[in-house]
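Engineer: Generate a structure from the sequence data that follows.
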Amino acid sequence: MSSRKTLLWTAVFAIAMGWLEAAVVVYMRELYYPGGFEFPLKMIEINIGVIEIAREVATIMMLIAVGMLAGRTRLERFGYLMYTFGIWDIVYYIGLKLAIGWPESLLTWDLLFLIPLPWIGPVLAPVLVSIAMIAACVVIVLQNDRKRPMHPGAWSWAGLILCGLIIIVSFIVDYKTAFTTGVPERYRWELFLVGYLPGLAVFYREWIRAERV
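Structural biologist: This is a model prediction of the structure:
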């Protein structure tokens, strides 16, 4: 299968998965937030919490499986994981908007993830990460097609991982507030950007390096 078809069909999978995720969340909010989703977060039963965490793990495993099947190299497999994750995440929010009119804006706060701690933040933040991941995969695939593959070194990988961890910290640093007073006074955009912008710069440097080979 050509790269374009692979990108197309993995996108179809991610779109369907995003809508499925949105549907599940609509049902959960109807059960726990019948008056509309809001902070502070409500505590759910332990058994439901375990099931929800297991569902999130299963979701990640599905994305990993798609990446393993779609990619031709290790980097491309990781790229397709990012690609499907990014499309899934964006379609998830589109699905919620179509189904229940939420979020009100890109600055609306959301509960993003539960592992290892609850992630909270405005919708715009994960959407920006998703856009970057989609673009990164497309670049990786196109570079392979042009016989100019990217080969990030150990230091580049270390930098990208560090940047990713900093972004995650920006989501979890104020998680306790979500269960007490509600959303924090503000999101840690400065922390997010410290991870996001250098991460883009590291990837761009590797892209240019591949172009010069």
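
Engineer: Could you tell me the phi and psi values at residue 120?
Structural biologist: phi -130, psi 150 (degrees, to the nearest 10).

Engineer: Contacts for the host helix or strand of residue 143 next, please.
Structural biologist: If you go by DSSP states H and E, residue 143 is part of helix 124-145. The contact list for helix 124-145, computed with C-beta atoms under 8 Å, 6 or more residues apart in numbering, reads 3, 6-7, 72-73, 75-76, 79-80, 82-83, 85-87, 89-90, 93, 106-107, 110, 112, 149-150, 167, 170-171, 187, 189, 192, 196, 199-200, 203, 207, 210-211. Just so you know, the C-beta spots here come from the backbone N, C-alpha and C atoms, and that holds for glycine as well.

Engineer: biggest helix in this protein by residues?
Structural biologist: Scanning the chain for the longest helix, with DSSP state H as the assignment, gives helix 3-32.

Engineer: Give the other helices and strands that it contacts.
Structural biologist: helix 46-70, helix 74-100, helix 124-145 (3 or more C-beta pairs under 8 Å, 6 or more residues apart in numbering; DSSP states H and E).

Engineer: quick one: the second one to chain centroid distance?
Structural biologist: The chain centroid and the centroid of helix 74-100 are separated by 7 Å, computed with C-alpha atoms, centre = their mean, to the nearest Å.

Engineer: buried ones in that helix?
Structural biologist: With burial defined by 16 or more other C-beta atoms under 10 Å, the residues of helix 74-100 counted as buried are 75-93, 95-96.

Engineer: And for the shortest one?
Structural biologist: Taking 16+ other C-beta under 10 Å as the basis for neighbour counts, the residues of helix 124-145 that come out buried are 124-126, 128-130, 132-134, 136-137, 139-141, 143-144.

Engineer: Closest one of these to residue 176?
Structural biologist: residue 125 (18.4 Å; C-beta to C-beta).

Engineer: hang on, the earlier thing: pipe the helices and strands packed on helix 3-32 into TSV and attach distance to residue 175 per row.
Structural biologist: Shown next, in TSV, are the helices and strands packed on helix 3-32 (distance: least, C-beta to C-beta, whole Å):
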stretch	distance to residue 175
helix 46-70	14
helix 74-100	19
helix 124-145	14
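
Engineer: got TSV for those helices, with distance to residue 24 and mean pLDDT too?
Structural biologist: Output for the helices and strands packed on helix 3-32, formatted as TSV (distance: least, C-beta to C-beta, whole Å; pLDDT from 0 to 100):
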stretch	distance to residue 24	mean pLDDT
helix 46-70	8	92
helix 74-100	10	96
helix 124-145	17	96
